[in-house]
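*Asks:* Could you work out the structure for the sequence below:
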Amino acid sequence: MRLSVKTYDYILLLTVVSALILSGCSYADGPTNIEPDIPLNEVANVTRNDATLSAHVTLNGSEPLSYLRFRYGETADMEYATDDISPVGADVSAEIHKLKAGTTYYYCAVAGSKTAKFKTQTLSFTTLPNASPAVMQAKVLSSGPTCVMVAFDITSDGGDPITEAGCEIYDVSSGNSRRVTLPNDQLCEGSHSVILNSLTPLAEHRIVAFAANRNGLTKGEPLSFTTGSSIILGEAGILELMVGKLDMEKDKISISGLMDGSDFRYLRSLLGALQSNSGDVVGCKIENVDLSDVRIVKGGKSYDDSHFTEDDCITTGLFGDCSRLRAITLPMSALYLRRDAFANCALLETIDISASVTSILPSSGCQSLSSINIAPNAHYTRIDEVLFDNDVTEIVWFPIGKSGEYELPPTITAIGQNAFRGAKITKLAIGNSVKTISPGAFSLSAIADISLPDNLTNISQGLFQDCVNLKTIRLGKGCEYLGSYVFDGSALVDLHVAAEIPPYVKSDTFDDMLLETGCLYVPRKSLATYRNHLKWGKFKTIVAED
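*Replies:* Have a look, this model is predicted:
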């Protein structure tokens, strides 16, 4: 049977196709411009103003995409576009910002290769609407008997301007409530603080932070708080704010937290110390201060117009001239107690010092001080209200409110600077073990009669200065030197010197009145030596004694 030409051509075509299939012809040998699949993913991370657009790219040919971008807008024209993205891998995404809240947006993906351009289907999403603000629970920063400082965070304005924010406070005992609001210039997202005054002492209160905009008002979780008897400072420099309407009829104040120069300036005014720009607090009766939980930090104003606070230090004059102060407990964190920190605190009776203190110097003018208490300490110890170094070899501070006679422990070898300054004792027994007495140790004291040991070689500067009751002094055999102004301002009548060789004296050791009216007693065999001495010989009366 003969095949027609048409039939023959058809058979030939089938044969060629079959041969190609049997020969394993691959897709790679086919066309390269087949359109890719680019389905859009569901929009992610949608907020009031932001969203994340993404698509999944599947190439159906060998030609890669050279770019991809997303178009979006409030209308089907999609007037906005992201920057071009070079697709790497199958998933492509872009974040878009500055969207309008509560608005429907249309979006698609546009891509291209070297030979073709592609556009996906168009989808839509809607941004979240504006809402009322988001507010966190308030937390206490500082507190006092009648006030509290709290902080709270406004984490979101809800998309609209905040019109009001602050804290509501509810007094559980009385049932009264009120609001304290932020000023207009603070109505924004972020951290805020408010001080709530005129609270009921020792009473439970509930505090709720709030914020409002045109969409509504949001409240944070309630905070339960009970006012206490002490003042707790969460930051330095706010003591005056936290005292609020403190009951000044009470005689004690307890403070904890951080205190700087500004805080101590105000505390001094509560205790009757007057200084410029900060007068006495009228009607205040506070006389007992507990600072055991305070940490002293540098900064703030000068507390007395001359000095500034230092970290962990009871500095000079920090409580000087506090006329009402009777008792004080110093901070447990304090390391140093400087000279005259309590100068002229005439009513001060008791000082409690913590175990952490490593350096202590006495204060003058504390006429009523009778007890210096210190916790077990590696540096100092207390015996009968008197402060010594830990080995009881040096007396550091004798409370000048103690009167009568006093005998030093036999282990004492040194008397510290100003240790007995202003002391009321009239007679002091010093053992021969004492070899060192520092300057001013007995100045301004009430001592009337004193004998210094033979082992003491140097009589230091100003040792008996302004001792108005002093009548008789006996210097030991080992005396070799007398410093400047040793007896200035004293009422010395009889000076006994046991040293056979006249001690060295400064030109200003003796004043003219002592030389004129005082009587010098010297060893009999050294009488001529003293009389012929350039300086000792100026005494008008020199008497020999055995």
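
*Asks:* Could you use CA atoms for every contact and neighbour count after this?
*Replies:* Will do.

*Asks:* Residue 369 contacts residue 399, doesn't it?
*Replies:* Yes: between residue 369 and residue 399 there is a contact under CA atoms under 8 Å: 5.2 Å.

*Asks:* which residues touch the residue nearest the centre of the chain?
*Replies:* Nearest residue to the geometric centre of the chain (CA atoms, centre = their mean): residue 258, 4.3 Å. Under the criterion of CA atoms under 8 Å, 6 or more residues apart in numbering, the neighbours of residue 258 are 233-236, 294-297.

*Asks:* Secondary structure element holding it?
*Replies:* strand 252-259 (DSSP states H and E).

*Asks:* Direction included, what does that strand pair up with?
*Replies:* According to DSSP bridges, strand 252-259 forms sheet pairs with strand 231-233 (parallel), strand 288-296 (parallel).

*Asks:* Can you get me the centre-to-centre distance for the last one and its chain?
*Replies:* Yep, that's strand 288-296 we're talking about. 13 Å (CA atoms, centre = their mean, to the nearest Å).

*Asks:* Following it in sequence, what is the next regular element?
*Replies:* Next along from strand 288-296, by DSSP H and E: strand 313-314.

*Asks:* partner strands of that next one, parallel or antiparallel?
*Replies:* Partners of strand 313-314 in the sheet, by DSSP bridges, are strand 336-337 (parallel).

*Asks:* can you list contacts of the strand it pairs with?
*Replies:* Contacts for strand 336-337 (CA under 8 Å, 6+ apart): 312-315, 357-361.

*Asks:* one more time with 10 Å
*Replies:* Residues outside strand 336-337 that contact it (CA atoms under 10 Å, 6 or more residues apart in numbering): 310-316, 318, 330, 353, 356-363.

*Asks:* Just the buried residues of those.
*Replies:* For those, a neighbour count by 16 or more other CA atoms under 10 Å gives the buried set as 311-316, 318, 330, 353, 356-357, 360-363.

*Asks:* Hmm, which of the residues you listed is lowest in pLDDT?
*Replies:* Minimum pLDDT across the buried ones among the contacts of strand 336-337 is recorded for residue 356, with 90.

*Asks:* any idea which of the contacts of residue 258 has the most stuff around it?
*Replies:* Most neighbours among the contacts of residue 258, by other CA atoms under 10 Å: residue 296, with 24 neighbours.

*Asks:* how far away is that one from residue 311?
*Replies:* 5 Å (CA to CA, to the nearest Å).

*Asks:* Next, show the common contact partners of those two.
*Replies:* Shared contacts of residue 296 and residue 311, defined by CA under 10 Å, 6+ apart, are found at 259-260, 333-334.

*Asks:* Which parts of stretch 390-406 count as buried, going by neighbours?
*Replies:* 392-402.

*Asks:* Now tabulate these in JSON lines and tack on pLDDT.
*Replies:* Shown next, in JSON lines, are those (pLDDT from 0 to 100):
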{"residue": "392", "pLDDT": "95"}
{"residue": "393", "pLDDT": "96"}
{"residue": "394", "pLDDT": "96"}
{"residue": "395", "pLDDT": "96"}
{"residue": "396", "pLDDT": "95"}
{"residue": "397", "pLDDT": "95"}
{"residue": "398", "pLDDT": "94"}
{"residue": "399", "pLDDT": "92"}
{"residue": "400", "pLDDT": "88"}
{"residue": "401", "pLDDT": "85"}
{"residue": "402", "pLDDT": "87"}
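
*Asks:* Go through those and flag which are in helices.
*Replies:* Per DSSP state H, helices hold no members of the buried residues of stretch 390-406.

*Asks:* Now render these as a markdown table, adding distance to residue 483.
*Replies:* Shown next, in a markdown table, are the buried residues of stretch 390-406 (distance: CA to CA, whole Å):
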| residue | distance to residue 483 |
| --- | --- |
| 392 | 27 |
| 393 | 24 |
| 394 | 21 |
| 395 | 21 |
| 396 | 21 |
| 397 | 22 |
| 398 | 23 |
| 399 | 26 |
| 400 | 25 |
| 401 | 28 |
| 402 | 28 |
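
*Asks:* of all those, which two lie farthest apart?
*Replies:* 393 and 401 (22.5 Å; CA to CA).

*Asks:* okay, now residue 525: neighbour count?
*Replies:* Neighbours of residue 525 using other CA under 10 Å come to 12.

*Asks:* mind checking the SS state of it?
*Replies:* Three-state call for residue 525 (DSSP: H, G, I helix; E, B strand; the rest coil): helix.

*Asks:* For residue 505, which non-adjacent residue is closest in space?
*Replies:* residue 482 (4.9 Å; CA to CA, 6 or more residues apart in numbering).

*Asks:* Same question for residue 118.
*Replies:* Using CA to CA, 6+ apart, the closest residue to residue 118 is residue 111 (5.2 Å).

*Asks:* how much space between the one you found and residue 438?
*Replies:* 93 Å.

*Asks:* In terms of packing, which of these two has more residues around it?
*Replies:* Between residue 111 and residue 438, residue 111 has the larger neighbour count (other CA under 10 Å), namely 22 against 18.

*Asks:* I'd say the more buried one and residue 70 touch.
*Replies:* Yes: with contact defined as CA atoms under 10 Å, residue 111 counts as touching residue 70 (8.7 Å).

*Asks:* Mind listing the shared neighbours of these two?
*Replies:* With CA under 10 Å, 6+ apart, residue 111 and residue 70 have common neighbours 84-85, 119-120.

*Asks:* JSON lines for those, including secondary structure and pLDDT?
*Replies:* Conversion of the shared contacts of residue 111 and residue 70 to JSON lines gives the following (DSSP: H, G, I helix; E, B strand; the rest coil; pLDDT from 0 to 100):
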{"residue": "84", "secondary structure": "coil", "pLDDT": "92"}
{"residue": "85", "secondary structure": "strand", "pLDDT": "88"}
{"residue": "119", "secondary structure": "strand", "pLDDT": "93"}
{"residue": "120", "secondary structure": "coil", "pLDDT": "93"}
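
*Asks:* Could you pick out the buried ones from these?
*Replies:* Counted by 16+ other CA under 10 Å, the shared contacts of residue 111 and residue 70 give 85, 120 as buried.

*Asks:* could the shared contacts of residue 111 and residue 70 go into a markdown table alongside distance to residue 184?
*Replies:* Formatted as a markdown table, these follow (distance: CA to CA, whole Å):
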| residue | distance to residue 184 |
| --- | --- |
| 84 | 44 |
| 85 | 44 |
| 119 | 50 |
| 120 | 49 |
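
*Asks:* Looking at the shared contacts of residue 111 and residue 70, which is nearest residue 34?
*Replies:* residue 119 (14.0 Å).

*Asks:* wait, what's in contact with the nearest residue to that closest one once chain neighbours are set aside?
*Replies:* What sits nearest to residue 119 in space, not counting adjacent residues and going by CA to CA, 6+ apart, is residue 110, at 4.6 Å. By CA under 10 Å, 6+ apart, the contact set of residue 110 is 38, 67-71, 81, 84, 117-121.

*Asks:* are any of these buried, and which?
*Replies:* 38, 67-71, 81, 120.
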